[in-house]
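**Q** Give me coordinates for this.
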Amino acid sequence: MKDSKPNVNFTAVGDKIRSRRVRLGLSQERLAELCGITPSYVGHIERGSRQLSLNTAISISAALNISLDYLLLDVKNENGDVGVLESIFADLKNHDPEKVAKFLSTVKILAENIDNM
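**A** Numbering: from 1, shown residues only. The predicted model follows:
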């Protein structure tokens with residue numbers, strides 16, 4: 001029987017976390033605060049010197065708006081990045097919630113009518 005356990009490269013996971021955190025303009029301290037962990041632990045995770053728990057991985061992926069499969073298993077889209085939608089959601093985080101709701105409503109209408117375009 002083939003061993004189906006995926007191997008998690010924690011150095012690569014840390015690199016992805018650091019890259020996304022910097023791209024979003026978050027400090028290690030802010031990410032730690034969002035995830036309920038210490039800044040020191042964030043540093044260890046980003047260097048790959050400590051393995052993160054599943055709960056911590058979930059917290060970090062939510063805070064950075066990236067999927068767990070991308071974070072842990074190196075799943076990428078065809079462009080080799082985390083995806084357009086995840087990028088858009090990250091960009092929307094800092095905007096007025098009412099305007100974001102209008103934007104998402106517009107996108108939903110476009111998606112529903114994509115075959116009519």
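
**Q** quick one, phi psi at the residue positioned nearest the centre of the chain?
**A** For the chain, the residue nearest the mean C-alpha position is Ile66 (1.9 Å; CA atoms, centre = their mean). When quoted as degrees, to the nearest 10, the phi and psi of Ile66 stand at phi -130, psi 150.

**Q** pLDDT value on it, please?
**A** Predicted confidence (pLDDT) for Ile66: 84.

**Q** That one touches Lys16, doesn't it?
**A** Yes. If you go by CB atoms under 8 Å, Ile66 and Lys16 touch, sitting 7.3 Å apart. Heads up, the C-betas are built off the backbone N, CA and C, glycines and all.

**Q** Check which residues of stretch 14-23 are buried.
**A** Under the neighbour-count criterion of 16 or more other CB atoms under 10 Å, stretch 14-23 has Gly14, Lys16, Ile17, Arg18, Arg20, Arg21 buried.

**Q** Ramachandran angles for the second one?
**A** Taking degrees, to the nearest 10, you get phi -70, psi -40 for the backbone angles of Lys16.

**Q** if I look at it, how far off is Asn94?
**A** Distance, Lys16 to Asn94, using CB to CB, to the nearest Å: 21 Å.

**Q** before we move on, what about the fifth one?
**A** Here the distance between Arg20 and Asn94 works out to 15 Å (CB to CB).
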